[in-house]
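> Have a look at this prediction, sequence included:
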Amino acid sequence: MKKIKIKDIVLTALLTALYLIFYTISGGITFIIGPFGHAISPGICGFLSGAIILFISRKVGKFGQFTVLTAIIMVVFSLMGAGYLPWLITCMTTALIADIIASRSNKTPVIFVALASGIMHVGQAWGTIVPSWFFMESYRETWIKKGQTPESMDAMLKYTQGTMGIISTFIVFALAFVGVWLGYLILRKHFKEGKYKVKENE
């Protein structure tokens, strides 16, 4: 397993910037769908950005790639005033798991990259689902203080509490998982994966 280098971090940062564009697009889709869309918005982002996740796995392909991507996202949102400790914990933990699953080389089978993406985006969703399960009142109060209305928080909590939280989790995972396969269909000719011509990292 090769160590991530400065040039890999720079490339990951550039691709993260592109990822954040899709994150913004998913936010627009979420607005149209409503509160349920907010609950599954990480899955929508994962579906749209599957090609980026696969591209990172093929062009970087080193342990830490998904942790770096997630850390940059956390910094960006913290600077925007949207930082939240439970969200940071769930995101960074699942990003590390994603690295363990799919960051050993740039020839990782697509199914493992898809699995890693699913888990990583579930971590983003759990930033709202887990607090809804275990400390809903303090979670609600925190985000009302950050500018959310009580009405919007109550509407969103409807889709993250209890059974709905479990359903939202599965939907997020499925969307992100499928997104990587869609990315594979888009990029396979570029990487010539059908002929096993992806070159190993130096």
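On my side now, so go ahead.

> Can you name the residues that contact the closest residue to residue 176 other than its chain neighbours?
Leaving aside its chain neighbours, residue 176 sits nearest to residue 46 (2.7 Å; criterion: C-beta to C-beta, 6 or more residues apart in numbering). All C-beta atoms are positioned from the backbone trio N, CA, C, and that covers glycine. Counting by C-beta atoms under 8 Å, 6 or more residues apart in numbering, residue 46 touches 53, 117-118, 120-121, 172, 175-177, 179-180.

> Any chance of TSV for these, columns pLDDT?
Output for the contacts of residue 46, formatted as TSV (pLDDT from 0 to 100):
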residue	pLDDT
53	96
117	97
118	97
120	97
121	97
172	96
175	97
176	97
177	98
179	97
180	97
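
> Which of these sits closest to residue 18?
residue 53 (11.0 Å; C-beta to C-beta).

> Let me see the contact set for residue 129.
Contacts of residue 129 by C-beta under 8 Å, 6+ apart are 39, 160, 165, 168-169.

> Let me know how buried residue 17 is, in neighbour terms.
11 (other C-beta atoms under 10 Å).

> Which residues does stretch 179-196 contact?
By C-beta under 8 Å, 6+ apart, the surrounding residues in contact with stretch 179-196 are 46-55, 58, 110, 113-114, 117, 197-198.

> Tell me the buried residues within those.
Buried members of these, counted by 16 or more other C-beta atoms under 10 Å: 46-55, 58, 110, 113-114, 117, 198.

> Check the residues you listed against residue 143 and report the nearest one.
Using C-beta to C-beta, the buried ones among the contacts of stretch 179-196 come closest to residue 143 at residue 46, 22.6 Å.

> what comes up buried for the strand or helix carrying residue 176?
Assigned by DSSP states H and E, residue 176 falls within helix 162-191. Buried residues in helix 162-191, counted by 16+ other C-beta under 10 Å: 164-165, 168-169, 171-173, 175-181, 183-184, 187, 191.
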